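Asker: no letters, just coordinates:
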DNA sequence: CATAATTTTTAGTCATGGCTAAAAATTGTA
DNA sequence: TACAATTTTTAGCCATGACTAAAAATTATG
């Protein structure tokens, strides 16, 4: 009488597995299958390395892989990816809040810590932080059950002129860029007014806390905003 | 004009290297060279694996290794071991203080985290904790410069009867034992009176916060105490 | 539609760091 | 001192997960 191990998904996943799954999740934001080259490029590895790992992930039923077509997460794979992402973003917020680490440093740290923290530590962080739903960059933190809010809003590059906006999410994780944005006061929740948009994808003129700032188009593409509705009385 | 790389100790050390160095440091408490078998046993690996790593560490000038005699840390190796130990114990205290994790859980967590935290995070933890010098088990935390206090006191098994003692250090890291000791209120800094010592390495009768407790000899060997001097007026 | 360009996969290499089994050196004992 | 027991080392295996180079499949173009 052989035991049924179909669901006995004991977790032999290495950091490498987790990193690939996370990458596939992030690249597949549009729902499309992820190409091997996109995956390899995101990971900073050779294409052959990605192919190799994708085959392993497929054997573990974490992704489906139609050769030459792309990779997609299975429900199980998505679950793992979301858990890693939860770790990552919880850690970012935790480091920012309790260790006062600046938002440009927490990503790199979280990239290493996300693979080694225990369930108990995950829960303890969430509890201390009050079950937060967004991290210091405005990225949504998946719930323990794997639910994740879709961020509302649109890119600053397509925002209306003159209206009061609220910055809700910064997409880049590049430390230098984050440093720069921070020096302009451009953190999530900051009110912003778009004053001018230069043509040909030129710089944008912003007003942040009364100060005018010119911002490169490419930088503005990293900023997600909503229109602030007039505060109800 | 070739550059002098003698001190250019760029850090290609893996968690495995760090774990071995830490183990050698802890096993060599008496200053004696550490035998291969002791090292392997401590690591939970086969003897051949230890030999293998010791050879690598010797090539990196982190240990000296006289074949069939044992391993000793070089100054450089000790420096690395102390840094890892600093990470470990800072993390234990940090998790205990800021995440309210019980002292029986922090060791395992720290064993993984110690290899991945950045210098910045180490410094931030130390700052938030007020540059602490002991962890939740009473183990001394090495300073950033690699100084480490020698813990004073002696084992409870050789403490005088009837005097008021203070528990200053718990040597075991075993979660179950720590849990048990915690249930008796036996945390560092707790006052304790040794009332009786049964012969033939039998149990000890303790008084902890007014409560009598019988403690196995082997458990008492894990407890380091000092005699409390009468509080000066 | 055939060929060129691109992407993906396969094949095979390498370092890491475990392992076992056997050989060698050391230590203990008769 | 000789031989047995133990410890250490050597030799060689294996999985992981990167790599390069070459083959195969797909897509684009003349």
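Answerer: Yep, that arrived. Everything numeric here is computed off the predicted structure, so don't read it as measured data.

Asker: which residue packs closest to the residue nearest in space to the middle of chain A, ignoring adjacent ones?
Answerer: By Cα atoms, centre = their mean, chain A has its centre lying nearest to residue A:139, at 5.4 Å. In this structure, residue A:139 finds its nearest non-sequential neighbour in residue A:89, 5.7 Å apart by Cβ to Cβ, 6 or more residues apart in numbering or on different chains. Where you see a C-beta, it was placed from the backbone N, CA and C, and this is true even at glycine.

Asker: number of nearby residues for that neighbour?
Answerer: 25 (other Cβ atoms under 10 Å in any protein chain shown).

Asker: give me the phi and psi angles of the nearest residue to residue A:209 once chain neighbours are set aside.
Answerer: Once flanking residues are discounted, residue A:209 sits nearest to residue A:185: 5.4 Å by Cβ to Cβ, 6+ apart. Main-chain dihedrals, residue A:185, degrees, to the nearest 10: phi 80, psi 10.

Asker: quick one: contacts for residue A:185?
Answerer: A:208-209, A:211 (Cβ atoms under 8 Å, 6 or more residues apart in numbering or on different chains).

Asker: circling back: the residue nearest to the centre of chain A is in contact with residue A:93, isn't it?
Answerer: No. Using Cβ atoms under 8 Å, residue A:139 makes no contact with residue A:93, being 9.6 Å away.

Asker: what about the helices in chain A?
Answerer: A:15-27, A:36-43, A:47-59, A:75-98, A:106-113, A:119-129, A:175-183, A:217-220 (DSSP state H).

Asker: so for residue B:83, which of these sits nearest?
Answerer: Closest of the helices of chain A to residue B:83 is helix A:106-113, at 16.4 Å (criterion: Cβ to Cβ).

Asker: need the contact partners of the closest one.
Answerer: Here helix A:106-113 has contacts from A:87-89, A:91-93, A:95-96, A:101, A:136-137, A:173, A:175, B:113, B:116-118, B:120-121, using Cβ under 8 Å, 6+ apart.

Asker: again, 7 Å this time
Answerer: Identification of contacts with helix A:106-113 by Cβ atoms under 7 Å, 6 or more residues apart in numbering or on different chains yields A:88, A:91-92, A:95-96, A:136, A:173, B:113, B:116, B:118, B:121.

Asker: could you dump those residues to JSON lines with neighbour count and pLDDT?
Answerer: JSON lines is the format used below for the contacts of helix A:106-113 (neighbours: other Cβ atoms under 10 Å in any protein chain shown; pLDDT from 0 to 100):
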{"residue": "A:88", "neighbour count": "24", "pLDDT": "98"}
{"residue": "A:91", "neighbour count": "23", "pLDDT": "98"}
{"residue": "A:92", "neighbour count": "27", "pLDDT": "98"}
{"residue": "A:95", "neighbour count": "26", "pLDDT": "98"}
{"residue": "A:96", "neighbour count": "19", "pLDDT": "98"}
{"residue": "A:136", "neighbour count": "23", "pLDDT": "98"}
{"residue": "A:173", "neighbour count": "18", "pLDDT": "96"}
{"residue": "B:113", "neighbour count": "24", "pLDDT": "98"}
{"residue": "B:116", "neighbour count": "18", "pLDDT": "98"}
{"residue": "B:118", "neighbour count": "14", "pLDDT": "97"}
{"residue": "B:121", "neighbour count": "23", "pLDDT": "98"}
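
Asker: give me the neighbour count for the residue lying closest to residue A:219 once chain neighbours are set aside.
Answerer: Leaving aside its sequence neighbours, residue A:219 sits nearest to residue A:177 (Cβ to Cβ, 6+ apart; 6.9 Å). Around residue A:177 there are 16 other residues, counting by other Cβ under 10 Å.

Asker: for residue A:133, same thing?
Answerer: 14.

Asker: contact residues of chain A facing DNA strand C?
Answerer: Applying Cβ under 7 Å from any atom of the strand, we find that chain A lies next to DNA strand C at A:35-37, A:47-48, A:51-52, A:54-55, A:65, A:67-68, A:70.

Asker: buried subset of the residues you listed?
Answerer: Neighbour counting over the residues of chain A next to DNA strand C (16 or more other Cβ atoms under 10 Å in any protein chain shown) leaves A:35-36, A:54, A:65, A:70 as the buried ones.

Asker: residues contacting the nearest residue to residue A:58 once chain neighbours are set aside?
Answerer: In this structure, residue A:58 finds its nearest non-sequential neighbour in residue A:65, 4.5 Å apart by Cβ to Cβ, 6+ apart. Contact partners of residue A:65, counting by Cβ under 7 Å, 6+ apart, are A:54, A:58, A:71.

Asker: okay, residue A:65: pLDDT?
Answerer: We have a pLDDT of 93 for residue A:65.

Asker: bridging residues for it?
Answerer: residue A:71 (DSSP bridges).

Asker: tell me how far it lies from residue A:132.
Answerer: Per Cβ to Cβ, to the nearest Å, residue A:65 is found 34 Å from residue A:132.

Asker: same question, residue A:207
Answerer: Counting by Cβ to Cβ - residue A:207 and residue A:132 are separated by 29 Å.

Asker: ok, now residue A:106?
Answerer: Counting by Cβ to Cβ - residue A:106 and residue A:132 are separated by 13 Å.

Asker: so those two - more neighbours on which side?
Answerer: residue A:106 (29 against 17).

Asker: show the contacting residues for residue A:40.
Answerer: Taking Cβ under 7 Å, 6+ apart, one finds A:46-47, A:49-50 in contact with residue A:40.
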